[in-house]
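*Asks:* could you look at this predicted model? Sequence included:
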Amino acid sequence: MLPRTLLLSLLTALYAYAAPPDGAALYKQRCAGCHEGAPQARMPVRSEIAARTPEAIYKAMFEGAMVAQSAGLSAEEGRAIARYVTGKEFATGSAKLANQCAAAPGPVRIDAAGWNGWGKDLANTRFQPNPGITAADVPSLKLKWAFAFEGDTVRSAQPAIVGGRVFVGSASGAIYSLDAATGCTYWKYDSGAQVRTAVSIGMAGGKTVAYFGDIRSTVHAVDAATGAPLWKAKVEDHPASRITGAPAFYDGRLYVPVSSIEEASAMMPTYACCKFRGSIVALDGATGKQIWKSYSVVDPPKQLEKGWGPAGAAIWSAPTIDAKKKVLYAATGNSYTGVSIPTSDAILAFDLATGSLLWSAQVQPHDNFTMGCGRGANCPAEPGPDYDFGTSPILRELPGGRRVLVCGQKSGILWGLDPDDKGKVLWQIQLGQGGALGGIEWGDAADTRYAFAAVSDLMVRQGRPGGIHAVDLASGKKIWSTPPPELHCTPGAKGCNSAQSAAISAIPGAVFSGSIDGHFRAFATSTGEILWDFDTAREFETVNGIPGKGGSLDSAGPVIAGGMVFTNSGYGMWQGMPGNVLLAFGK
């Protein structure tokens, strides 16, 4: 017989082993320091993360932004935290594909009238010259259908419209192919990780292929007609890396931008920061085989007196292809360490064939910053303002054969650079106040005469955020400005903010822009007059039968093709209103 004391010890140990993890205690220990109390820039508060599904929280902890903070947790402990934060149980089983199209999927034909990838074209103009509607039609636009993404609270994957189909990703990792006219579903592909990128369609290996990236830095290629998987390729092994910008397809190759959330990992005092370097990876479109990989930080990191470096210069946005010069342009984010680099907050030019770095046009030197700076951890001695480029460069022809690269920055400056003179500054204009969530954040647009830029300034302390501007492409002179419209919501309420953070898009005579308060508007390109206004912050009856709700418009922008306008609605981050819908408008 065992001694009483030993028996008690064994029983205590057995109980401790068998007892389920305490989600509340684990949350307090691991998460509350960042998500409770006063909101921090770029850090969702508890109410925002509580609106998500437990599956989404679990993925963020073990596959997404919170990997470093979750180090050492078991799967069951992660599930316990997710249950506690959301107050919901994990789903069981897999749902049947709803609202499946009656007709079998046919071939997908790529045509110039669609909206392929992020910027509509290789030059990333975000301008649709043949929209199937006119500016005169815009005031009569009506909602045709709404599609809901189960479990989503943040809609950041922009749709692509090719061959009469919509291709769009989700936070759950599901990619859908929908009929553009009706919203019925042709197929669904599960990538296994959140997809933020737009889908790019190209012809390779005798097939029409849909390409996209996920937050595990994996590129997926699937048959655009059927959704059947063709290949997958992991392009970066750093645990904080991810793909947020859409891959660009050109001449049989896929060019993939790689970004990172190592800035967030830096908030952990025990984290050995920083080793990530942004990159562009060229893959064979038919096989996924890597052709070349070029880093935005030329020198590899080495151990310093404190931490590692150099690091950073993440490439958040889709690269721009200069087919004439066979050059790729990419916009970079800030540096992460005290080792300043000449390629952060810059436009970089790479040779398409070899990946060699041709030149760097840096507009904000010494922007060395991590999110650890607000917590006294892994922060450079003299932190910079965090003025990333989150937008893609726009390549446009000017009179007389000259050309310009236009790119908006979080500083609030819209830049005009010379692609034929190593990015020499042609002009610059201050349109916003700038900030970590301010300035020009996700994407501007340009027709043949003007560049258009909407301003975020989400956390501005003076005045009201938002507004949209038109700038002459040749001179950089401001043509018009339209201030943010009046708010019709409760001041201080979630999403009651006039910031226009989302990417914008244009057609002849009209430019479309969404705002944090949920309004989706069209402005006249000649005067800035508001032509149309639709409030998306409401509930919707959806074609796939899942409860749908609109919210803030942020990140990805609208797309226009075949006489219809499409936009996401819902962005439950940075005090925005959550939502889960894709909305389709037509005459």
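*Replies:* That came in fine, so what should we check first?
*Asks:* which strands or helices does the helix or strand that contains residue 520 pack on?
*Replies:* Assigned by DSSP states H and E, residue 520 belongs to strand 519-524. Judged by 3 or more C-beta pairs under 8 Å, 6 or more residues apart in numbering; DSSP states H and E, the packing partners of strand 519-524 are strand 510-514, strand 530-535. (Glycine included, C-beta is placed from N, CA and C.)
*Asks:* show me the contacts for residue 253.
*Replies:* For residue 253, the set of contacting residues under the criterion of C-beta atoms under 8 Å, 6 or more residues apart in numbering consists of 282, 283, 284, 285, 291, 352.
*Asks:* what's the answer for residue 149, then?
*Replies:* Under the criterion of C-beta under 8 Å, 6+ apart, the contact partners of residue 149 comprise 155, 170, 171, 172, 174, 546, 580, 581, 582.
*Asks:* with secondary structure, neighbour count and distance to residue 184 added, can I get those residues in JSON lines?
*Replies:* Formatted as JSON lines, the entries for the contacts of residue 149 read as follows, by DSSP: H, G, I helix; E, B strand; the rest coil; neighbours: other C-beta atoms under 10 Å; distance: C-beta to C-beta, whole Å:
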{"residue": "155", "secondary structure": "coil", "neighbour count": "32", "distance to residue 184": "20"}
{"residue": "170", "secondary structure": "coil", "neighbour count": "24", "distance to residue 184": "17"}
{"residue": "171", "secondary structure": "coil", "neighbour count": "27", "distance to residue 184": "22"}
{"residue": "172", "secondary structure": "coil", "neighbour count": "20", "distance to residue 184": "20"}
{"residue": "174", "secondary structure": "strand", "neighbour count": "20", "distance to residue 184": "16"}
{"residue": "546", "secondary structure": "coil", "neighbour count": "18", "distance to residue 184": "14"}
{"residue": "580", "secondary structure": "coil", "neighbour count": "28", "distance to residue 184": "18"}
{"residue": "581", "secondary structure": "strand", "neighbour count": "26", "distance to residue 184": "16"}
{"residue": "582", "secondary structure": "strand", "neighbour count": "29", "distance to residue 184": "13"}
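*Asks:* closest one of those residues to residue 255?
*Replies:* When these are compared for distance to residue 255 (C-beta to C-beta), residue 170 wins out at 23.7 Å.
*Asks:* nearest spatial neighbour of that closest one, chain-adjacent residues omitted?
*Replies:* Setting aside the residues directly before and after it, residue 170 is nearest to residue 149 in space (C-beta to C-beta, 6 or more residues apart in numbering), at 4.5 Å.
*Asks:* could you check the pLDDT of the one you found?
*Replies:* Model confidence at residue 149, given as pLDDT, is 97.
*Asks:* tell me how far it lies from residue 295.
*Replies:* Distance, residue 149 to residue 295, using C-beta to C-beta, to the nearest Å: 34 Å.
*Asks:* what do you get for residue 279?
*Replies:* When distances are taken as C-beta to C-beta, residue 279 and residue 295 turn out to be 5 Å apart.
*Asks:* equivalent analysis for residue 204, please.
*Replies:* Distance, residue 204 to residue 295, by C-beta to C-beta: 25 Å.
*Asks:* and residue 425, by the same measure?
*Replies:* Taken as C-beta to C-beta, the spacing of residue 425 relative to residue 295 amounts to 25 Å.
*Asks:* wait, a helix at residue 27?
*Replies:* Yes - under DSSP: H, G, I helix; E, B strand; the rest coil, residue 27 falls within a helix.
*Asks:* brilliant, that's me finished.
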